[in-house]
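Colleague: Sequence first, then the predicted structure, then my questions.
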Amino acid sequence: MSRPKRVVIALGGNALEDKSLPTTAESQLQVVKKTSEYLAEISCAGYEIAIVHGNGPQVGRILLATEAAKEITPAMPFDVCGAMSQGYIGYHIQQGLKLALAKRNRILPVVTVVTQVVVDKDDKAFQNPTKPIGPFYTEEEGKRLSEEKGYTVKEDSGRGWRRVVPSPMPKRIVEIGTIKTLWDTTIAVTCGGGGIPVIENEDGSLEGIAAVIDKDLAAERLAEDMDADILMILTEVEKVSINFNKPNQEDLSHLTIKEAEQFIEEGHFAPGSMLPKVLAAVNFAKSIPGRKAIITSLYKAEDALAGKCGTIIES
């Protein structure tokens, strides 16, 4: 008897926040409850799922808060802020998804695994910060933060200026054994924010480091480790496009690895936006023959699994 299809789902920022709402914990929970309705439908369709989420805005705000209060209480290091974001986002997903599943008479545990991910301390990403965190700024505000606080600030895909931090490649998920143990009976929220980046010392001990791992690449690492059938990357758009936001924009329904790599080489995908999604999809399709990656919107997820929409990348 064949096992149910395994799907690792990477949630984009729109699954956690609504730009029309204030950036409060209460608003996030409200959005997550809506997101959970779509996730519950995928689970009820018979798929076994694990959930990975981003944390760029959240970890940025936690860092701002802890820095602002440093005269009252010691500031928290970056890796600890990442762990804090995993905890509270996971808590919201646990609440929202348990409720959505219960409404459908599907009783499944949902747990958050505070997850560490090993990176290479010599990764070139530490010399070239690219991962946006925290709120958007005007160009003037960004330059002032760069001068006053020493932040690296870059323009983010035409949406404004943001602080950027190193984004090293994920090498190993430390808690993968626990995730494998949970898989058959539990929906795990794991590798939140791409995982807490840690380096492995010669004695085997782990040490947190200031960085944010891209959540799509961490989800790809998880999908490989779990022998998943599908890596599903959910974002704001229904399909991947070339010549995005130009008169000759072309939406793509299906890509081979070769075609995707060609478009990457031609610079069609923004580094802080679609590029890591396509890279993760290509890596998954390459590493496990016969498996596929899907990039689509949260609202089209179930249709995309049925092959009705989205962008599919496979070998």
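Modeller: That came in fine, so what should we check first? Note that the structure is a prediction, hence the values are computed from the model and not measured. Numbering: from 1, shown residues only.
Colleague: quick one: buried residues of stretch 144-153?
Modeller: Judged by neighbour count (16 or more other CB atoms under 10 Å), stretch 144-153 contains these buried residues: 145-146, 151, 153. To be clear about C-beta, it is placed using only N, CA and C from the backbone, and glycine gets the same treatment.
Colleague: With stretch 113-127 instead?
Modeller: 113-119, 123, 125-126.
Colleague: what do you get for stretch 285-299?
Modeller: Those would be 285-286, 288, 291-298, for stretch 285-299 by 16+ other CB under 10 Å.
Colleague: again with stretch 206-216
Modeller: Neighbour-count burial for stretch 206-216 flags 208-209, 211-216 (criterion: 16+ other CB under 10 Å).
Colleague: and it, how far apart are its ends?
Modeller: 23 Å (CA to CA, to the nearest Å).
Colleague: With stretch 177-189 instead?
Modeller: Terminal-residue distance, stretch 177-189 (CA to CA): 14 Å.
Colleague: what sits up against it?
Modeller: The contact list for stretch 177-189, computed with CB atoms under 8 Å, 6 or more residues apart in numbering, reads 6, 43, 48-53, 89-90, 93-94, 97, 108-113, 115, 173, 190, 222, 225-226.
Colleague: among the residues you listed, which are in helices?
Modeller: Applying DSSP state H to the contacts of stretch 177-189, the entries found in helices are 43, 89-90, 93-94, 97, 222, 225.
Colleague: Narrow these to those that are buried.
Modeller: Buried among the ones in helices among the contacts of stretch 177-189 (16+ other CB under 10 Å): 43, 89-90, 93-94, 97, 222.
Colleague: Now do the helices in the protein.
Modeller: Applying DSSP H to the chain gives helices spanning 25-44, 56-68, 78-103, 139-149, 176-183, 215-225, 257-265, 275-287, 301-305.
Colleague: Pick out the shakiest of the ones you listed, pLDDT-wise.
Modeller: Lowest mean pLDDT of the helices of the chain: helix 139-149, a mean of 84.
Colleague: For that helix, which helices and strands make contact with it?
Modeller: strand 152-155, strand 161-165 (3 or more CB pairs under 8 Å, 6 or more residues apart in numbering; DSSP states H and E).
Colleague: Format these as TSV; extra columns: mean pLDDT and distance to Phe269.
Modeller: Formatted as TSV, the entries for these read as follows, by pLDDT from 0 to 100; distance: least, CB to CB, whole Å:
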stretch	mean pLDDT	distance to Phe269
strand 152-155	87	16
strand 161-165	86	17
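Colleague: Distance to Leu231 for these - can I get that in JSON lines?
Modeller: Below are these laid out as JSON lines (distance: least, CB to CB, whole Å):
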{"stretch": "strand 152-155", "distance to Leu231": "27"}
{"stretch": "strand 161-165", "distance to Leu231": "24"}
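Colleague: what's the most buried one of those?
Modeller: Among the helices and strands packed on helix 139-149, ranked by average contacts under mean count of other CB atoms under 10 Å, first place goes to strand 161-165 (a mean of 23).
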